[in-house]
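*Asks:* output the structure for:
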Amino acid sequence: MDLTGVSEDLRRRFDARVQARERALPASRRAIRSCANAIRAIHRGEFELAHRLMDEARAAIDEGLAAVAEHPDIRFAGYLQDAQKEYAEARLTEVIVDGRREVPTPDALGVEDAPYLNGMAEAIGEARRRVLDLLREGRVDDGDAVLSAMEDLYAVLVTMDYPDAITGNLRRSTDVARSLIEKTRGDLAVARVSQDLHDALDRHRREVLEKED
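*Replies:* As a prediction, this is how the structure comes out:
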């Protein structure tokens, strides 16, 4: 039985898959790293740097997707989806922190639906970080606005009642997002009471000073 032809053909196809994977995996890692740095820049208000990093991430994702275009088994292995999730998270975090932009769609970002939704869930965690930063600055009203954005994102996530195999385990991410929103709401309530008390004491102090004058 001569299987030489079959063996060579199999090796040729596997070699092509390995080469595609070896190109796509580093591209995915570069995209994830750029997105993480972009999110840090967003929180620091360095939007120009963040845009440059997110553009680098987009280019890396495109490079990875091109490498596996003829290998769907590798394309959907997970690591390119992770990169897309991080990219969506970075873009959505910018919307939340900036507070003026419209929320981009999955098609506008060029990412798949499940990574987009999981990126949205992760962005809620970054939004909580933003609220805590605002509270440290005494900007309670701005914190309330971010909480409202968090609740809007969660309202989308909670309607996605589909199997985890399709959504990429979105249900777990949604549960985490809900707990973060509850904690953030509590933090804002405490900050609001503290601010009201501080304002009342200031008014009383001024009234006392005015009477003494």
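*Asks:* and the residue nearest the centre of the chain, helix, strand or coil?
*Replies:* Computing the C-alpha centroid of the chain and ranking residues by C-alpha atoms, centre = their mean puts Glu89 first, at 1.8 Å. Three-state call for Glu89 (DSSP: H, G, I helix; E, B strand; the rest coil): helix.
*Asks:* quick one: contacts for it?
*Replies:* Cys35, Ile39, Gly119, Met120, Glu122, Ala123, Glu126 (C-beta atoms under 8 Å, 6 or more residues apart in numbering). Bear in mind the C-beta positions are built from the backbone N, C-alpha and C, glycine included.
*Asks:* sticking with the first one, tell me its helix or strand.
*Replies:* When secondary structure is defined by DSSP states H and E, Cys35 falls within helix 4-43.
*Asks:* cool, the last one as well?
*Replies:* Glu126 is part of helix 113-136 when elements are defined by DSSP H and E.
*Asks:* elements contacting that helix?
*Replies:* helix 4-43, helix 79-98, helix 106-109, helix 140-157, helix 164-167, helix 170-212 (3 or more C-beta pairs under 8 Å, 6 or more residues apart in numbering; DSSP states H and E).
*Asks:* for Glu70, which of the ones you listed is the nearest?
*Replies:* Glu70 lies closest to helix 4-43 among the helices and strands packed on helix 113-136, at 7.4 Å (C-beta to C-beta).
*Asks:* between the closest one and helix 79-98, how big is the angle?
*Replies:* Put simply, helix 4-43 runs at 10 degrees to helix 79-98, going by axes from the mean of the first three to the mean of the last three C-alpha atoms, to 10 degrees.
*Asks:* where does this structure have low pLDDT?
*Replies:* Within the chain, the stretches with pLDDT under 70 are 2-3, 194-213.
*Asks:* which one of the contacts of Glu89 is nearest Val176?
*Replies:* Glu122 (9.0 Å).
*Asks:* separation between that closest one and Glu70?
*Replies:* Per C-beta to C-beta, to the nearest Å, Glu122 is found 30 Å from Glu70.
*Asks:* quote the end-to-end distance of stretch 149-163.
*Replies:* 26 Å (C-alpha to C-alpha, to the nearest Å).
*Asks:* check which residues of that stretch are buried.
*Replies:* Ala149, Met150, Leu153, Tyr154, Leu157, Met160 (16 or more other C-beta atoms under 10 Å).
*Asks:* buried residues in the helix holding Glu126?
*Replies:* In helix 113-136, the ones that count as buried by 16+ other C-beta under 10 Å are 113-131, 133-135.
*Asks:* from the middle of its chain, how far away would that helix be?
*Replies:* Helix 113-136 has its C-alpha centroid displaced from the chain centroid by 6 Å (C-alpha atoms, centre = their mean, to the nearest Å).
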